[in-house]
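Undergrad: Just a sequence and a predicted model for now, questions to come.
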Amino acid sequence: MKYNSNTALSEIGITEDTLTEKQKNDLVNKGYILISLAENEWLDRGIDLNLVSNVTNELIEKEGSMGGWEAHDHAQHKLEKGQHPERGAQRLNHLINKHSCYRKIFTIPEAVYAAKFLIKNDIALSQLILRMPFPGTGEQKWHIDWMPRRKKSDPIRSVLTSLFLDDFTKENGATRIVPNTHKLLLSPEEQGLGTEDHPDQIYVEAPRGSLFIYDINLWHCGSRNLNGKKRRQLNINYRDRKIWQQINYKKELIESVRNELSYAELYLLKARDEDKPRKEFLFRHRNNPIIKKMFQILWSS
């Protein structure tokens, strides 16, 4: 029997009951769900939010403007100038390699199940990163994190889960979303939207320890951090397994971490011995029109 995502999810203990029927319906119809878990509930899952928070602060202090550049090509000249990967926000990348406290986060059951439920095909983690808007800035343009769908039959390719390490409020830069826009066959940029308010927008306000899970086609953006309080989120991005990962875990996962992970976890990272390595030349030139078109055809098959 072929090993697949259903096998991996079963071995990790993820079942059809991981999300309620209402949560599944909301993902399909509204494009997102919000789940709040208390600190003791996270501890029961083997995730210490205080430890994760402290380690994250240490990494922010240590990496500063260098944080997050691992996922970007040809960044050396920007690094030398001390630029951040996203102006107005702190980023951290390669978190699975950097501390054991992050290793249960990429397999949070609700995040993995929601990805498989919406994508329907086999899945793999694309990346686990941190985003934190700086005081007085961090506002983003309305966007989606994938190419816009053009037909109603076009599949969902990517699902994002944000784990809130701080309370999210309007004052500290909570994410804005427009419910139901994941069904639209165009992007907010094509609609001419920038950073302005949308008449149907809502702010995703929720306490520390919450999970915000959404279809990547949902219109969303970070808002401005007005009060300067920390607003850190860990983004767990799963994609259709056929699609390129932002982080090539087959190549980048360090050996000591690899040895600590189960076969199912390595499968979800696409880092098993039998997993095909990412073709780096093609990935570096993925925005070339010919290469982009070629892979769109391959991915649709």
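TA: Received it, and whenever you're ready, just let me know what you need.
Undergrad: Run through the residues that contact the residue lying closest to Leu226 once chain neighbours are set aside.
TA: Beyond its immediate neighbours in the sequence, the residue positioned closest to Leu226 (Cβ to Cβ, 6 or more residues apart in numbering) is Glu171, lying 5.0 Å away. From N, CA and C alone the C-beta is placed, and that goes for glycine too. Glu171 makes contact with Leu226, Asn227, Lys229, according to Cβ atoms under 8 Å, 6 or more residues apart in numbering.
Undergrad: Same check on Met132?
TA: By Cβ under 8 Å, 6+ apart, the neighbours of Met132 are Ile60, Ala89, Gln90, Arg91, Gly138, Lys230, Arg231, Arg232, Gln233.
Undergrad: Each with direction, which strands does the helix or strand that contains it pair with?
TA: For Met132, the host element (DSSP states H and E) is strand 123-133. Paired with strand 123-133 in the same sheet, following DSSP bridges, are strand 89-92 (antiparallel), strand 233-240 (antiparallel).
Undergrad: State the mean pLDDT of the last one.
TA: This points to strand 233-240. For strand 233-240, mean pLDDT rounds to 98.
Undergrad: Output the lowest mean pLDDT helix or strand found in this protein.
TA: Lowest by mean pLDDT, DSSP states H and E among the helices and strands of the chain is helix 76-80, with a mean of 54.
Undergrad: What are the boundaries of the helices in the stretch 101-250 of the chain?
TA: 109-119, 249-252 (DSSP state H, counting those that start in this stretch).
Undergrad: and the first one with strand 123-133, angle?
TA: Here helix 109-119 runs at an angle of 120 degrees relative to strand 123-133 (axes from the mean of the first three to the mean of the last three Cα atoms, to 10 degrees).
Undergrad: re the thing from before, and among the helices of the stretch 101-250 of the chain, the most buried is which?
TA: Ranked by mean neighbour count, the helices of the stretch 101-250 of the chain are led by helix 109-119 with a mean of 22 (mean count of other Cβ atoms under 10 Å).
Undergrad: ok, Leu59 - contacts?
TA: Residues in contact with Leu59 (Cβ under 8 Å, 6+ apart) are Gly67, Leu92, Leu95, Lys98, His99, Leu130.
Undergrad: would you list those in CSV and tack on distance to His285?
TA: Listed next are the contacts of Leu59 as CSV, based on distance: Cβ to Cβ, whole Å:
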residue, distance to His285
Gly67, 26
Leu92, 26
Leu95, 27
Lys98, 29
His99, 33
Leu130, 28
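Undergrad: which pair in those residues spans the largest distance?
TA: Spatial extent of the contacts of Leu59 (Cβ to Cβ) is set by the pair Gly67 and His99 at 13.8 Å.
Undergrad: circling back to that earlier point, check the helices of the stretch 101-250 of the chain for me: which has the lowest mean pLDDT.
TA: helix 249-252 (a mean of 94).
Undergrad: follow-up on the earlier one: and the contacts of Glu171, which are buried?
TA: Leu226 (16 or more other Cβ atoms under 10 Å).
Undergrad: Redo the contacts of Glu171 as a markdown table? Include distance to Leu160.
TA: Shown next, in a markdown table, are the contacts of Glu171 (distance: Cβ to Cβ, whole Å):
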| residue | distance to Leu160 |
| --- | --- |
| Leu226 | 24 |
| Asn227 | 25 |
| Lys229 | 23 |
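Undergrad: As JSON lines, the contacts of Glu171 with pLDDT would be great.
TA: Shown next, in JSON lines, are those (pLDDT from 0 to 100):
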{"residue": "Leu226", "pLDDT": "97"}
{"residue": "Asn227", "pLDDT": "98"}
{"residue": "Lys229", "pLDDT": "97"}
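Undergrad: ok, so of the contacts of Glu171, who is nearest Phe117?
TA: When those are compared against Phe117 (criterion: Cβ to Cβ), the nearest one is Lys229, at 33.7 Å.
Undergrad: what's the closest non-adjacent residue to the closest one?
TA: With sequence-adjacent residues excluded and distances taken as Cβ to Cβ, 6+ apart, Lys229 is closest to Asn172, at 4.5 Å.
Undergrad: May I have the residues that are in contact with that neighbour?
TA: Pro133, Asp166, Asn225, Leu226, Asn227, Gly228, Lys229, Lys230, Arg231.
Undergrad: which pair in these spans the largest distance?
TA: Applying Cβ to Cβ across the contacts of Asn172, the maximum distance is between Asp166 and Leu226, 14.3 Å.
Undergrad: any idea how far the helix or strand hosting Lys293 is from the chain center?
TA: Using DSSP H and E, Lys293 falls within helix 289-300. Offset of helix 289-300 from its chain centre (Cα atoms, centre = their mean, to the nearest Å): 23 Å.
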